[in-house]
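J.: Can you look at this prediction? I've put the sequence above it.
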Amino acid sequence: MLLYLIRHAKAVELGSPGAARDFDRSLTPHGHAQTLAVAEAFARLKITIDTVVASPLVRAHQTAVGLLSVWQPGARPITYNALAPERLKPAKFSEFLAEVPGDCVAAVGHMPDLGAYAEWLLGAPNGSIQLAKCAAACIEFKGDPSKAGGKLHWLVTPKWVLEVKGS
């Protein structure tokens with residue numbers, strides 16, 4: 001399995017119009033541009049994604065929908081409530097991912113949970129993996145995702161994607 005961990009793109013600040021709750025924070029125009037740049041980079045590199053799983057929070061859901069608009073127009077992400085901040089349980093999420101269709105799965109969520117999950121999957125020290133907004137990490141498994149069972153292939157930021165695109 002190839003697992004792509006993707007942090008949501010840039011969102012409006014809490015307290016902005018329409019964002020009275022953290023749950024409701026939507027993507028900024030820059031966040032939409034980040035999402036499109038990452039989606040297009042995957043497409044240029046012919047990276048195919050079978051399934052996208054997303055946190056229920058608006059910013060993560062919008063990021064997932066934006067990615068899918070390029071990868072699989074008309075497709076919808078699977079919402080996984082435990083991808084919401086401070087709810088992610090690594091072993092339980094890995095069990096869930098083992099049941100979703102396909103061998104190439106993207107999960108769109110939040111920091112610090114995604115970084116901690118990547119550390120758990122790789123057997124890396126706590127606090128060693130940081131994901132910028134709309135960063136993507138590719139982790140490979142011989143079977144299903146498991147503790148210290150993954151191999152990190154790459155981790156890129158949307159800034160890097162945009163710089164490469166502009167070259």
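T.: In hand now; what should we look at?
J.: who touches F96 in this structure?
T.: V53, Y80, A82 (Cβ atoms under 8 Å, 6 or more residues apart in numbering). In this view, the C-beta of every residue, glycine as well, is placed from N, C-alpha and C.
J.: now P90
T.: Here P90 is in contact with A116, Y117, W120, L121, K147 (Cβ under 8 Å, 6+ apart).
J.: ranges for the strands of this structure?
T.: Along the chain, counting by DSSP state E, strands occupy 2-7, 51-54, 78-79, 104-109, 136-140, 151-156.
J.: a markdown table for the ones you listed, including distance to S69?
T.: Compiled in a markdown table, these are given as follows (distance: least, Cβ to Cβ, whole Å):
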| stretch | distance to S69 |
| --- | --- |
| strand 2-7 | 14 |
| strand 51-54 | 11 |
| strand 78-79 | 16 |
| strand 104-109 | 13 |
| strand 136-140 | 16 |
| strand 151-156 | 20 |
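J.: ok, and which of those has the densest surroundings?
T.: The highest mean neighbour count among those, using mean count of other Cβ atoms under 10 Å, belongs to strand 104-109: a mean of 25.
J.: quick one, phi/psi of the nearest residue to A82 once chain neighbours are set aside?
T.: Spatial nearest neighbour of A82, chain neighbours left out: L88 (5.9 Å); criterion: Cβ to Cβ, 6 or more residues apart in numbering. Main-chain torsions, L88, degrees, to the nearest 10: phi -70, psi 120.
J.: Run through the residues that contact L88.
T.: Counting by Cβ under 8 Å, 6+ apart, L88 has contacts A82, G109, D113, L114, A116, Y117.
J.: Swap in 10 Å and give it another go.
T.: By Cβ atoms under 10 Å, 6 or more residues apart in numbering, the contact set of L88 is S55, Y80, A82, A107, G109, H110, P112, D113, L114, A116, Y117, W120.
J.: buried subset of those?
T.: S55, Y80, A107, G109, H110, P112, D113, L114, A116, Y117, W120 (16 or more other Cβ atoms under 10 Å).
J.: My guess is the fifth one contacts A84. True?
T.: It stands for H110. Yes. The criterion here is Cβ atoms under 10 Å, and H110 meets it with A84 at 7.5 Å.
J.: so where's this structure uncertain?
T.: 162-167 (pLDDT under 70).
J.: Do a quick rundown of the helices in it.
T.: 29-44, 58-71, 90-99, 113-122, 158-166 (DSSP state H).
J.: for the longest one, which positions count as buried?
T.: Which is helix 29-44. In helix 29-44, counting by 16+ other Cβ under 10 Å, buried: G31, H32, A33, Q34, T35, L36, A37, V38, A39, A41, F42.
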